[in-house]
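Enquirer: Give me a model of this one.
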Amino acid sequence: MLDPMQLLSAYCEGAFPMGHEDGSISWFRPPHRGILPIGDFHVPRRFEQYLRHHPFEVRWNTAFGDVMRGCASREDTWINDVILDSYQALFELGFAHSAEVWREGRLVGGVYGVAIGGAFFGESMFSRETQASKVALTHLQWRLRDRGFILHDTQWTTPHLAMFGGHEIPCADYLRLLDRAIRLPVLFDETRPRRAGLILE
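Expert: Next up, the predicted model:
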């Protein structure tokens with residue numbers, strides 16, 4: 001397992017880990033970073049109509065481990081046991097969070113990530129029903145906006161994220177935004193408060 005404070009410090013410096021099948025870990029700090037704008041979040045018109053009538057229930061932080069395992073349950077995954085254990089530890093410390101999509105008592109989609117100050121680092125998402133991961137992502141964006149976050153780091157940009165306005169910015173611009181964000185006194189979940197100062201001090 002990665003040391004939780006080392007992992008959080010790496011995020012504050014613009015780096016993130018990914019696991020390999022043999023249990024090893026690689027660290028990344030790409031020259032361009034994917035972000036999802038919070039204030040200018042774009043919901044496609046057709047999906048906006050779907051959101052008004054979707055059959056799902058959205059919950060927060062009630063099944064973090066199950067969301068991670070859902071994200072890992074694909075043929076090619078970077079979420080190995082070291083990553084699972086490390087982020088479960090961050091969850092228990094109050095830094096990692098999950099947005100969960102439920103239908104009739106069954107977890108059908110979700111997204112998880114790490115929150116430090118006003119920065120949220122999205123790690124992965126999964127879907128077992130059509131549109132479930134998009135519902136999780138949209139509700140996550142609304143929560144970040146309402147809580148005063150200014151950075152949603154997606155690491156890279158995918159076609160899925162580009163639909164919602166995701167794009168890449170140069171690393172230097174990202175690091176400036178990151179430095180501002182992690183110092184903001186905002187919380188993802190007031191019932192599990194953690195301050196960026198625990199890392200920065």
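
Enquirer: just checking, what packs against the strand ranked longest in the chain?
Expert: Residue-count comparison of every strand in the chain, with assignments taken from DSSP state E, identifies strand 106-116 as the longest. If you count contacts as 3 or more Cβ pairs under 8 Å, 6 or more residues apart in numbering; DSSP states H and E, strand 106-116 packs onto helix 4-12, helix 64-72, helix 81-93, strand 96-103, strand 119-127, helix 132-147. C-beta: built from backbone N, CA, C; applies to glycine.

Enquirer: so which of these comes closest to residue 173?
Expert: With Cβ to Cβ, the closest approach to residue 173 among the helices and strands packed on strand 106-116 belongs to strand 119-127: 14.0 Å.

Enquirer: Show me the strands paired with the closest one, marking each as parallel or antiparallel.
Expert: Taking DSSP bridges as the criterion, strand 119-127 sits next to strand 106-116 (antiparallel), strand 151-155 (parallel) in its sheet.

Enquirer: Quick one: low-confidence residue ranges for this protein.
Expert: Applying pLDDT under 70 to the chain picks out residues 190-201.

Enquirer: right, and residue 89 touches residue 1 too?
Expert: Yes. With contact taken as Cβ atoms under 8 Å, residue 89 and residue 1 are classed as touching, separated by 6.4 Å.

Enquirer: So the two - more neighbours on which side?
Expert: Higher neighbour count among residue 89 and residue 1: residue 89, with 16 against 13, using other Cβ atoms under 10 Å.

Enquirer: ok now do the more buried one, which residues does it touch?
Expert: 1, 4 (Cβ atoms under 8 Å, 6 or more residues apart in numbering).

Enquirer: I'd like the distance between it and residue 58.
Expert: For residue 89, the distance to residue 58 (Cβ to Cβ, to the nearest Å) stands at 25 Å.

Enquirer: what's the closest of the strands paired with strand 119-127 to residue 83?
Expert: Of the strands paired with strand 119-127, the one closest to residue 83 (Cβ to Cβ) turns out to be strand 106-116, at 10.9 Å.

Enquirer: I'd like to know how many residues surround the residue nearest to residue 65 when sequence neighbours are not counted.
Expert: By the measure of Cβ to Cβ, 6 or more residues apart in numbering, the closest residue to residue 65 outside its immediate chain neighbours is residue 88, 5.9 Å from it. The tally of other residues near residue 88 (other Cβ under 10 Å) stands at 15.

Enquirer: Residue 88 reaches residue 66, doesn't it?
Expert: No. The pair residue 88 and residue 66 does not pass the contact test of Cβ under 8 Å, sitting 11.1 Å apart.
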